[in-house]
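Asks: Could you work out the structure for the sequence below:
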Amino acid sequence: MTNILIFPFLSISTGHHHVADTLKTDLESKGLHSEKIDIFSHTYKRLEKLSSSAYLKWIQYVPKTYSGIYKLLACGDCKKVRRYAMYEWLFMQSMRQILKEKQPDIAFCTHALPSYLLNRLKPEYPNMAIVNVYTDFFVNQVWGRENIDYHFVPIMDIKKQLMSEGINQEKIFMTGIPVHRAFETGTADTCQHRPPYTVMITGGSMGVGGIFKLVQELSPGGNILYKILCGRNEKLYRYVKSLQHPFIEAIPYLHSKAEMNRLYAEASGIMTKPGGVTISECLKKRLPVFIYHALPGQEEMNVNLLKEQQLVTDIRNWDMKRAEERISAFFQSNERAAAEKRISRYLGQMCDLKIEEVLNRILDESKYKKTLS
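Replies: So this is what the prediction gives:
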């Protein structure tokens, strides 16, 4: 039996966990058991909740300081191997204990920190396959490189970057950021091509990210029906409901991926933050994406790259009183067709192998190693 561990980080419902859950679902569909472990919760159970809360307050109230520290510690030249003594001091012994107890054949990392730790520990566990599954559209310095067996990358820029750092291209798979298989079904072809267009607004599930301000500044004129995805943000849901506006609809937390897929199919576009998983779902559904806010750190880096690739429209500096007019004009112009072509070109860069087939290859190689040991 193949022993598989999946490592996100922190307990906050971020893209790291969504991708981890997607991998877990794909593995279970093959009859394989996997275990998801957050190294922070495992090591410092009580401190983890406090740290998650502090992180959310930090990025909400003093975003510039978080952005500066993130760029200082995590960004820059990756060709030079960098050590993070604090991470090793806090987590290395705990990770070593996990590996000793669980004896994994394969470890998937959806966050940079566990990847860094496992990269350091790989010489002690030579038969363990380590897979980096990148959940943003860039790779920071913290991610392990030297001893990582496979890389699931979301965009050609990252593949080129890793190759320039000496990673064998045969270890790199252009999978995109893994999204739940529910979003593989259907397309956005059912969306309206005439007013009123349906535009989803998302990005407020954790209560941060400027969505309140955006909703307050909306000036619906009847050309767009705005569907606000409130997630677990009850305050946002109550506020949107209280507006009682015929063109602003509050959507509560959705437990069903199929229901979310249906909303995608009905939408003409989406206004969102540039989280890797949300953007990947939208690109998979070939939906035009309008960025209204970006959290400091990863999302800042994402939006810069996505703008370079012309895969999103940045509306952060728009006058929201005129946003509906400009978005409606986008839907009615050649810009929409051009955006769809760019999305199709991006999706066409994905490797010939589906992620399920890549997983099969990794599983087969892991089993082969096991028979030799």
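Asks: Please report how far the closest residue in space to Asp314 that isn't next to it in sequence lies from Glu335.
Replies: Excluding its sequence neighbours, the residue lying closest to Asp314 (C-beta to C-beta, 6 or more residues apart in numbering) is Ile291, at 5.1 Å. Where you see a C-beta, it was placed from the backbone N, CA and C, and this is true even at glycine. Ile291 sits 15 Å away from Glu335, going by C-beta to C-beta, to the nearest Å.
Asks: neighbour count winner among the two?
Replies: Using other C-beta atoms under 10 Å as the criterion, Ile291 and Glu335 rank with Ile291 on top: 22 against 13.
Asks: would you list every one of the strands in the stretch 1-150 of the chain?
Replies: In the stretch 1-150 of the chain, the segments counted as strands under DSSP state E, counting those that start in this stretch are 4-7, 34-36, 106-109, 129-133, 150-153.
Asks: And stretch 316-324, end to end?
Replies: By C-alpha to C-alpha, to the nearest Å, the extent of stretch 316-324 from end to end equals 14 Å.
Asks: Please apply the same query to stretch 311-328.
Replies: Note: stretch 311-328 ends 18 Å apart using C-alpha to C-alpha.
Asks: Would you mind checking the average pLDDT for it?
Replies: Averaged over stretch 311-328, pLDDT sits at 93.
Asks: which residues are contacting it?
Replies: Residues from elsewhere that reach stretch 311-328 (C-beta atoms under 8 Å, 6 or more residues apart in numbering): 195, 197, 199, 214, 217-221, 223-224, 269, 271, 274, 279, 283, 288-294, 303, 306-307, 330, 339, 342-343, 346.
Asks: Please convert the buried members of those into PyMOL selection syntax.
Replies: Listed next is the PyMOL selection for buried residues among the contacts of stretch 311-328, using 16 or more other C-beta atoms under 10 Å:
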select buried, resi 197+199+214+218+223+224+269+271+274+279+283+288+289+290+291+292+293+294+303+306+330+339+343+346
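Asks: out of the contacts of stretch 311-328, which are inside strands?
Replies: Secondary structure from DSSP state E places Tyr197, Val199, Ile224, Gly269, Met271, Val289, Phe290, Ile291 of those in strands.
Asks: Low-confidence regions, the stretch 251-373 of the chain specifically.
Replies: Within the stretch 251-373 of the chain, the ranges that satisfy pLDDT under 70 run 352-353, 373.
Asks: Go again with 50.
Replies: Nowhere does the stretch 251-373 of the chain drop to pLDDT under 50.
Asks: cool, and the stretch 51-200 of the chain?
Replies: In the stretch 51-200 of the chain (pLDDT under 50), the answer is 188, 190.
Asks: all helices of it, in order?
Replies: Under the criterion DSSP state H, counting those that start in this stretch, the stretch 51-200 of the chain carries helices at the ranges 63-74, 85-87, 93-102, 112-121, 156-164.
Asks: Format those as a markdown table; extra columns: mean neighbour count.
Replies: A markdown table is the format used below for these (neighbours: other C-beta atoms under 10 Å):
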| stretch | mean neighbour count |
| --- | --- |
| helix 63-74 | 14 |
| helix 85-87 | 12 |
| helix 93-102 | 15 |
| helix 112-121 | 24 |
| helix 156-164 | 16 |
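Asks: any chance of the ones you listed in JSON lines, with distance to Thr14 too?
Replies: Listed next are these as JSON lines, based on distance: least, C-beta to C-beta, whole Å:
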{"stretch": "helix 63-74", "distance to Thr14": "15"}
{"stretch": "helix 85-87", "distance to Thr14": "18"}
{"stretch": "helix 93-102", "distance to Thr14": "20"}
{"stretch": "helix 112-121", "distance to Thr14": "13"}
{"stretch": "helix 156-164", "distance to Thr14": "19"}
